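# Following is a predicted model, sequence given first.
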Amino acid sequence: MMQELLQYLFAGITNGAIYAVIALGFSTLYNATDLINFAQGEFVMLGALLLVTLWLQLGLPLPLAFVLVVLAVGLAGILFERLAIRTVRKPDPIVLVIITVGASIFLRGVGMVVWGRDPMAVPPFSELESIEIAGAYLLPQSLWIFGIVMILVVALTLFYKRTLTGKAMSACAINKRAASLLGIGTERMTLMAFALATGLGAVAGIMIAPITMATYDMGSMLGLKGFCAAMLGGLGSLWGALLGGFVLGIAEAMGVGFVSSGLKDAIAFLLLLLILYIRPTGILGVKSSHRF
Amino acid sequence: MKNSGPNEKGLLRIENANKSFGGVHAVRDVSFEVQEGVIQALIGPNGAGKTTLFNLITGVFPLDTGHIIFNDQDTGDKKIFNLVSMGIARTFQNVELFTGMTVLENVLVGLHVRTKCGFLGAIARLPNVQREEKEAREKAMHWLDFVGLAHAANNKAGDLAFGWQRSVEIARALASEPRLMLLDEPAAGLNANETGQLGDLMRQIRDLGVTLLLVEHDMSLTMEIADRIVVLDQGAKLSEGTPREVQADEKVIAAYLGA
Amino acid sequence: MVFTLFAAVIICTGAALEGDYYHEQLLTFIGIFTLLAVGLNMLMGYAGQISLGHAAFYGIGAYTTGALTVHLQWSPWASLPCALIMAGVIAYIVGKPTLKLSGYYLGMGTLGFGMIMHVLFREWTTITGGPNGLVGIPSLSLWGLDLSTGRNYLYVVWGCVLLTFFICDRLVNSRVGRALRAIHYSEQAASAVGVDTAKAKLQVFVFSAVVAALAGFLYAHMVMFISPGTFTFLASVKLVAMVVIGGMASIWGALLGATFLTLLPEHLSVFADYEMIIYGGILMGVMIFLPQGLTRGVLDIYEKFRAKRKGTVED
């Protein structure tokens, strides 16, 4: 029993770390622009599929492929902002939802045409044996994921606290008009936020590819779960995204382990509905939800 | 009536209102009353907290501490739309009309809280619904006539000149049959001629028995039509009285000259 | 008046198509999609909210009646109210927490809901038949009249469309409809004049879900076989695209959007592979360039053009 529990916990934390990174993408963008990008999951998909091309098909070394994938997806995010978001004349939520949903289905279509319909297997980052802890097995890929998430969190914290651009971005998050009065270019911040959010999506895609395989339609469910994680922790909060991701990952693993595996995808949605009912600001969220 | 003493209970009572945003104490310990049947103005230099106080009274955001009491009821736990049915109507500084709807339809939305027809009623359209709709249209036309815009009833609200849009907004507010009407800088964006007409309109509204509270920047309008004035400065109440009393108050003069 | 004319057009078309099974069926499908689009249009065009899981309500309508008639041998006419009520209650549960918040949340809530329902349709094999679908749904008949023939069913479906148009038209031009349109233009002002915006939006969301369930009911008893592949996220996106093409806040636009997107795959053989790219492109393109929707946008451009020409003539 203990052994099983530990095994599910490992699986939960691993998936949770990935949800957390996707959630970080949602929060970064929401902070800078008040926008929720329904295509976030598709950037995760792009990350996974580009990794297949660069690492497995072109044979680039993994670290180089990693960096190139993140840069390429970040660039796609910038293009997306320039072409589809900046050009909107009437930025109502409903218009932006339709545009980002359109982008999501468009990218999925592109993914299908370019990479085909079949899922592609991706080997783990290193060919090590699983580590046994108290009878449960920990995959080396999980260790990679924890490591990458730790580095991301430290880097993001430093970015927001220490660099001028990061501070400017947090200022935008608190009050956009005041920030622009202080001479912070909100346009550039929006662009930065898109690049950062989609780049984070790519990182998540790269990390999850060896666990679930890579396909053109992997993005929608991951996007939804990332959003759920962001909402759970509190949309816009860095630590909230992490907490939300792990809570969701562990809840899913336990649900699959102890109740039914068919339940897996339903748990995210049920948690989302629950958090919207009882506390729309999330566990750590302080920013009050908009009244209008 | 106009000069009723402070011991008579006002229609609207603000008691020790406080509101902070982050570190900014936007409204500090403000108390005053608005007596029924008067035109009262809330003035002050930029950043005095007028708009914040206005938004507190209209329920846009909640108070930190203190009470706002309307007609002996605390408004603290009321939703915005409940305040309207209690008898508080408002207009917006930048005029918020439903631009794609006709002028008449805008005023009809103002009658929302005074009509009842629900979802199923609208589908079935029984005689009582038809009667209600007919009466609502008559009332809406009455209010359009009152503000002098009956002829524009079927124009799109967004197509009207700005001054007229403001009048539509006032008609829409009147349609909810308020006891208290809050006007957020009603003269903003109007020329001198239009401002004069607005002053007349406000007196007519008061004569209907509706109490008016306006936040205003235009001093000449305020001094001319207000029965009573409250002056705010840096979030706190600086002075209160008739226009003459306020104008003579040295603190007020200092605040305005200093600003 | 318009409705009488519309009814006449339907009756004549039905008569003219007698025996042309392919076109009868195509027209019936257009009717079903028009129903879905017009319900969604009430939500999107009038209340300014979006549902990305409307195919799920369509599916709830179809599977509820399917399960009741196949497993319990109910009469379709008894299962119809159950299907509608089921969709309405579920919409209420999903809409209640999300509609109090800004426009993004109903979108995300319904997106998640749609995916979960799709999983449920596929996995809950005892009730839904699983991935293989539910077979043996009875066709409709009324007082001995067989409604399942091509032309009769066409009349049934388009009768429902006409009824729904009629209801929507009455709603739009009533106290309720005015409040909804007001929310669309300025939610802030609408609540400041006393509209309970959350309640109004919830009502119209439930209404649009019920209309979708009606479409699902009609679909299930038409094809007599339902499977999860019909009720996917892509199907929901297609419905949004119909509304967007037809122009939001226009009952007749829904008819146009549904017709266009039902006929397009019929005439475009490369469609299957590029389906998603096309829908995605349509959604982005229309929203960026003509946010009022294709019909409205084109009409606006035409009117501007005409006004300009008129202006030059008068000069």
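Received the coordinates, thanks. Numbering: from 1, shown residues only, chains lettered A, B, ... in the order given.

# State the distance from residue A:265 to chain C.
To chain C, residue A:265 is 5 Å away according to CB to the nearest CB, to the nearest Å. Heads up, the C-betas are built off the backbone N, CA and C, glycines and all.

# In terms of helices and strands, where is that residue?
Using DSSP states H and E, residue A:265 maps to helix A:264-278.

# Could you find the closest non-adjacent residue to residue C:211?
Of all residues not flanking residue C:211 in the chain, residue C:39 sits nearest, at 3.1 Å (CB to CB, 6 or more residues apart in numbering or on different chains).

# Identify each buried residue in the host helix or strand of the one you found, please.
Using DSSP H and E, residue C:39 sits within helix C:21-41. Buried residues in helix C:21-41, counted by 16 or more other CB atoms under 10 Å in any protein chain shown: C:24-41.

# Check stretch B:87-100 too.
For stretch B:87-100, the neighbour count (16+ other CB under 10 Å) marks B:87-92, B:95-98, B:100 as buried.

# again, but for stretch A:208-227
Within stretch A:208-227, the residues scored as buried using 16+ other CB under 10 Å are A:208-212, A:214-227.

# partner residues bridging residue B:232?
Judged by DSSP bridges, the bridge partners of residue B:232 are residue B:237.

# ok, so what distance separates it from residue B:52?
Distance, residue B:232 to residue B:52, by CB to CB, to the nearest Å: 9 Å.

# Who has more neighbours out of those two?
Ranked by neighbour count (other CB atoms under 10 Å in any protein chain shown), residue B:232 and residue B:52 place residue B:232 first, with 26 against 22.

# Strands along the chain, start to end?
Using chain A. With DSSP state E, the ranges of strands along chain A come out as A:131-133, A:136-138.

# wait, I meant chain C there
Remark: strands assigned in chain C by DSSP E are C:134-135, C:141-142, C:145-146, C:225-226.

# So what are the sheet partners of the second one and their directions?
This points to strand C:141-142. Counting by DSSP bridges, strand C:141-142 is paired with strand C:145-146 (antiparallel).

# now do the last one
Next to strand C:225-226 in the sheet, as set by DSSP bridges, lie strand C:134-135 (antiparallel).

# contacts for the partner strand?
Among residues not part of strand C:134-135, those counted as contacts by CB atoms under 8 Å, 6 or more residues apart in numbering or on different chains are C:63, C:66-67, C:70, C:128-129, C:224-227.

# at 10 Å instead, please
Here strand C:134-135 makes contact (CB atoms under 10 Å, 6 or more residues apart in numbering or on different chains) with C:62-63, C:66-67, C:69-71, C:121, C:127-129, C:220, C:224-228.

# for the chain, which spans come out with low pLDDT?
Assuming you mean chain A. Along chain A, segments meeting pLDDT under 70 span A:173-185, A:285-292.

# Wait, chain C was what I had in mind.
Checking chain C against pLDDT under 70 turns up C:249, C:269-270, C:293-296, C:308-315.

# Would you mind listing what in it touches chain B?
For chain C, the residues in contact with chain B (CB under 10 Å from any CB of the partner chain) are C:166-168, C:170-179, C:181-200, C:203-204, C:206-207, C:249, C:292.

# cutoff 6 Å now
Within chain C, the residues that sit near chain B (CB under 6 Å from any CB of the partner chain) are C:167, C:170-171, C:174-176, C:178-179, C:181-182, C:185-186, C:189, C:191-196, C:203.

# Wait, residue A:145 touches residue A:15, no?
No. Using CB atoms under 6 Å, residue A:145 is not in contact with residue A:15, being 9.1 Å away.

# Packing partners of the helix holding residue A:265?
In terms of contacts (3 or more CB pairs under 6 Å, 6 or more residues apart in numbering or on different chains; DSSP states H and E), helix A:264-278 is packed against helix A:219-233, helix A:238-258, helix C:76-98, helix C:104-123.

# what about the shortest one and chain C, touching?
Yes. Helix A:219-233 comes into contact with chain C (CB under 6 Å from any CB), by way of A:224, A:227.

# now that helix against helix A:264-278, angle please.
Relative orientation of helix A:219-233 and helix A:264-278, computed by axes from the mean of the first three to the mean of the last three CA atoms, to 10 degrees: 40 degrees.

# out of the contacts of strand C:134-135, which are inside helices?
Members of those lying in helices (criterion: DSSP state H): C:62-63, C:66-67, C:69-71, C:121, C:127-128, C:220.

# any idea how far the residue nearest to residue C:211 is from residue C:98?
Separation of residue C:39 from residue C:98 (CB to CB): 18 Å.

# Who are the contact partners of residue B:229?
Taking CB atoms under 6 Å, 6 or more residues apart in numbering or on different chains, we find residue B:229 in contact with B:41, B:243, B:246.

# in which helix or strand would I find residue B:123?
Assigned by DSSP H and E, residue B:123 belongs to helix B:119-124.

# Just the buried residues of that helix, please?
Using 16+ other CB under 10 Å as the test for burial, helix B:119-124 gives B:119, B:121-123.

# With distance to chain A and pLDDT as added columns, please give those residues in CSV.
Formatted as CSV, the buried residues of helix B:119-124 follow (distance: CB to the nearest CB, whole Å; pLDDT from 0 to 100):
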residue, distance to chain A, pLDDT
B:119, 22, 81
B:121, 28, 79
B:122, 23, 81
B:123, 25, 83
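
# List, out of the residues you listed, those positioned next to chain C.
Filtering these for proximity to chain C by CB under 6 Å from any CB leaves B:119, B:122-123.

# Looking at those residues, which is nearest residue C:13?
Of all those, residue B:123 has the smallest distance to residue C:13: 27.0 Å, by CB to CB.

# Tell me where the stretch 1-150 of chain B has helices.
For the stretch 1-150 of chain B, the helices defined by DSSP state H, counting those that start in this stretch cover B:50-57, B:80-86, B:103-110, B:119-124, B:127-146.

# Averaging pLDDT over each of those helices, report the lowest-scoring one.
Of all those, the minimum mean pLDDT falls on helix B:119-124 (a mean of 81).

# Are there helices or strands packed against that one, and which ones?
Applying 3+ CB pairs under 6 Å, 6+ apart, one finds that helix B:119-124 contacts helix C:150-172.
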